[in-house]
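Enquirer: whatever this is, show me its structure:
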Amino acid sequence: MVILVTGGTGYIGSHTCLALLEAGFTVIVADNLCNSRAETLDRVMQITNKEIIFYEIDVTNAASVEQIFTDHRIEGVIHFAAYKAVGESVREPLKYYHNNINSTLVLAEACLKHEVRRFVLSSSATVYGENDVPFVESMKLQPTANPYGESKIISERILRDVANANSWFSVAILRYFNPVGAHVSGLIGEEPRGTPGNLMPYITQVAKGKIGKLSVFGGDYPTVDGTGVRDYIHVMDLAEGHVAAMNLLGEGIHTYNLGTGKGTSVLELISIFEEEVGIKVPFEIMERRPGDIAECYAEVSKAKEELYWNVKRDIRDMCRDAWRFESNL
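Expert: Numbers count the residues shown, from 1 in each chain. As a prediction, the model looks like this:
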């Protein structure tokens, strides 16, 4: 099966490309490299000893996307190409609405025109907003207080409506939680440009001495230690969840949480990281960050039962693998 992966040079996208190649898929990547590097695909090909076809395009450009669908017999799409920083989305809402929604529209239109039957959307637990934990797929989605989450809700609704109007069109919405870690080879991992927006690369860069100390946003949440609680999932478990969805996707629209089902606080994660790598991580408690919530973790039984998918790696694996990748940079 030939799969188009948008945003495939990014953190989650590149690991998913690797998992797809190992599962026997042919992979085509479309990415504008706004927050990633094409060299990442070279490392994926080095690990797998398989080829990837790469197009440096912006998937909001309908003509560029149409050319790919014309030149190749695409059989499935996995759509990662979205801006994803909650804080930035609050400051620059139009950037997020324009890119995240238009890219979904362009890809959905191309799929209908070329009769591509399988579409997997990279969504987010952010769509649950301030719901009670654990988050369940059947919950009513809540206003998220940030344009990133709203853009994901709108993209989900677009694809739901398209699937309802076209019975042959199959959609998997994957709402995942906090991906961390790296491939065990240490060749690919999370490599943000500038100051990291996610917690784990921030921790590893402090541990390596690139950054003086870690900023912990919020120390007064109603949680076990006052810091935010999140469901951290190993990026390779997440990648394998996309492969499972593509393999088992039936007609209609299906929504799955991809997480571990357990929450870990920021201070707990720092402590586990220090134990695993033997390096202290200095930190400072800062004010809460706009758009953040206190707790976020998943109910994951649906993905286990319908996709036959389960996590294989724990929080300590995530810390060790993330540090191995950072150490190799």
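
Enquirer: alpha carbons only for contacts and neighbour counts from here, please
Expert: Noted.

Enquirer: name the helices or strands packed onto the helix or strand bottoming out on mean pLDDT in the chain?
Expert: The helix or strand of the chain with the poorest confidence is helix 86-91; it has a mean of 88 (mean pLDDT, DSSP states H and E). Applying 3 or more C-alpha pairs under 8 Å, 6 or more residues apart in numbering; DSSP states H and E, we find helix 86-91 packed against helix 147-165.

Enquirer: from the chain's centroid, how far away is the least confident helix or strand of the chain?
Expert: 17 Å (C-alpha atoms, centre = their mean, to the nearest Å).

Enquirer: report the rounded mean pLDDT for the next helix-or-strand element following it.
Expert: Downstream of helix 86-91, the next assigned helix or strand under DSSP states H and E is helix 93-114. Average pLDDT, helix 93-114: 98.

Enquirer: which other helices and strands does helix 93-114 contact?
Expert: Partner elements for helix 93-114 (3+ C-alpha pairs under 8 Å, 6+ apart): helix 62-71, helix 147-165.

Enquirer: what's next to the first one, contact-wise?
Expert: Taking contacts as C-alpha atoms under 8 Å, 6 or more residues apart in numbering, the residues outside helix 62-71 that touch it are Ile57, Asp58, Val59, Val106, Leu107, Ala110, His114.

Enquirer: on that earlier part again, mind putting the helices and strands packed on helix 93-114 into JSON lines with mean pLDDT?
Expert: JSON lines is the format used below for these (pLDDT from 0 to 100):
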{"stretch": "helix 62-71", "mean pLDDT": "98"}
{"stretch": "helix 147-165", "mean pLDDT": "96"}
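
Enquirer: out of those helices, deepest packed?
Expert: helix 147-165 (a mean of 20; mean count of other C-alpha atoms under 10 Å).

Enquirer: related to what we said a few turns ago, list buried residues within the contacts of helix 62-71.
Expert: With burial judged by 16 or more other C-alpha atoms under 10 Å, the buried subset of the contacts of helix 62-71 is Ile57, Asp58, Val59, Val106, Leu107, Ala110.

Enquirer: so which residue is smack in the middle of the chain?
Expert: Ile12 (5.1 Å; C-alpha atoms, centre = their mean).

Enquirer: contacting residues for it?
Expert: Contact analysis of Ile12 by C-alpha under 8 Å, 6+ apart lists Phe80, Pro179, Val235, Leu238, Ala239.

Enquirer: SS state for the last one?
Expert: What it means is Ala239. What DSSP: H, G, I helix; E, B strand; the rest coil gives for Ala239 is helix.

Enquirer: does it really touch Glu22, like I thought?
Expert: No: under the criterion of C-alpha atoms under 8 Å, Ala239 is not in contact with Glu22, lying 11.2 Å apart.

Enquirer: and those two? Which one has more around it.
Expert: The neighbour comparison of Ala239 against Glu22 (other C-alpha atoms under 10 Å) goes to Ala239, with 21 against 15.

Enquirer: contacting residues for Ala125?
Expert: Counted by C-alpha under 8 Å, 6+ apart, Ala125 has contacts Phe135, Arg175, Tyr176, Phe177, Asn257, Cys296.

Enquirer: now the fifth one: how far from Pro222?
Expert: In this case it means Asn257. According to C-alpha to C-alpha, to the nearest Å, Asn257 stands 24 Å off from Pro222.

Enquirer: between these two, who's got more neighbours?
Expert: Between Asn257 and Pro222, counted using other C-alpha under 10 Å, the more crowded position is Asn257 (26 against 12).

Enquirer: what's the helix or strand for the spatially closest residue to that one that is not a sequence neighbour?
Expert: Leaving out its chain neighbours, the residue that sits closest to Asn257 by C-alpha to C-alpha, 6 or more residues apart in numbering is Arg175, at 4.8 Å. In this structure, Arg175 sits in strand 170-176 according to DSSP H and E.

Enquirer: each with direction, which strands does the next helix or strand after that strand pair with?
Expert: Next helix or strand after strand 170-176 toward the C-terminus (DSSP H and E): strand 178-180. Strand 178-180 has the following strand partners under DSSP bridges: strand 232-234 (parallel).

Enquirer: Lys140: neighbour count?
Expert: Per other C-alpha under 10 Å, the neighbour tally for Lys140 reads 11.

Enquirer: tell me how far it lies from Val184.
Expert: When Lys140 is compared with Val184 (using C-alpha to C-alpha), they lie 37 Å apart.
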